[in-house]
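Chemist: Got a predicted model here, sequence first, then my questions.
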Amino acid sequence: MTAPTPPSLADEPRAVRITTDGAKATVTVDGTDMSKTLAGYTLEHRAGQPPMLVLYPTPNHQAAFDGLAHVVIADEPDPGPTVAAFLRTVDPVALERAALARDDLDGTRHELTRAMLAQLTDWALGKAT
């Protein structure tokens, strides 16, 4: 028998209020201002479901919302350092060679840049093209 899961903010919808001027946001959950403890949030709303507010340490997003939402504390780190670490491993010679060998080069302006970005995306997704 497994131990019961401790309660979380996501168990029941919470009263949420978000106001922002585009640079700074005020986020309150159940009347408690959480703004000083947040670096950012994501608000998602799908048809037929209550909105979901995800709180995590990323730059603030411009938004406005006042209503009930499920609230989840994200454990996803900022992807920036991971992306930077990946890019530091890229061999520029191999990148150029792979980009020039792609079959989606179209002869238009900036085709090599587009091909390099597509190649980096493929490599990041584990595609060996």
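Modeler: On my side now, so go ahead. Just so it is clear, the structure is predicted and the values come from calculations on it, not from any experiment.
Chemist: Now tell me what touches the longest helix along the chain from outside.
Modeler: Once the chain is assigned using DSSP state H, the helix that runs over the most residues is helix 111-124. For helix 111-124, the external contacting residues (CB atoms under 8 Å, 6 or more residues apart in numbering) are 86-87, 90, 95-96, 98-100, 102, 104-105, 129. (Glycine included, C-beta is placed from N, CA and C.)
Chemist: So for it, what gets flagged as buried?
Modeler: Buried positions in helix 111-124, judged by neighbour count with 16 or more other CB atoms under 10 Å: 114-116, 118-120, 123.
Chemist: among those, which one has the lowest pLDDT?
Modeler: Of all these, residue 123 carries the smallest pLDDT score, 88.
Chemist: elements contacting the strand or helix carrying residue 27?
Modeler: If you go by DSSP states H and E, residue 27 is part of strand 25-29. Counting by 3 or more CB pairs under 8 Å, 6 or more residues apart in numbering; DSSP states H and E, the packing neighbours recorded for strand 25-29 are strand 14-20, strand 52-56.
Chemist: Quick check: residue 114 vs residue 107, distance?
Modeler: According to CB to CB, to the nearest Å, residue 114 and residue 107 sit 11 Å apart.
Chemist: Between the two, which contacts overlap?
Modeler: Counting by CB under 8 Å, 6+ apart, nothing touches both residue 114 and residue 107.
Chemist: what distance separates stretch 79-92 from the centre of its chain?
Modeler: Taking CA atoms, centre = their mean, to the nearest Å, one finds stretch 79-92 lying 17 Å from the centre of the chain it belongs to.
Chemist: Pull the residues that contact it.
Modeler: Stretch 79-92 has contacts (CB under 8 Å, 6+ apart) with 120, 123-124.
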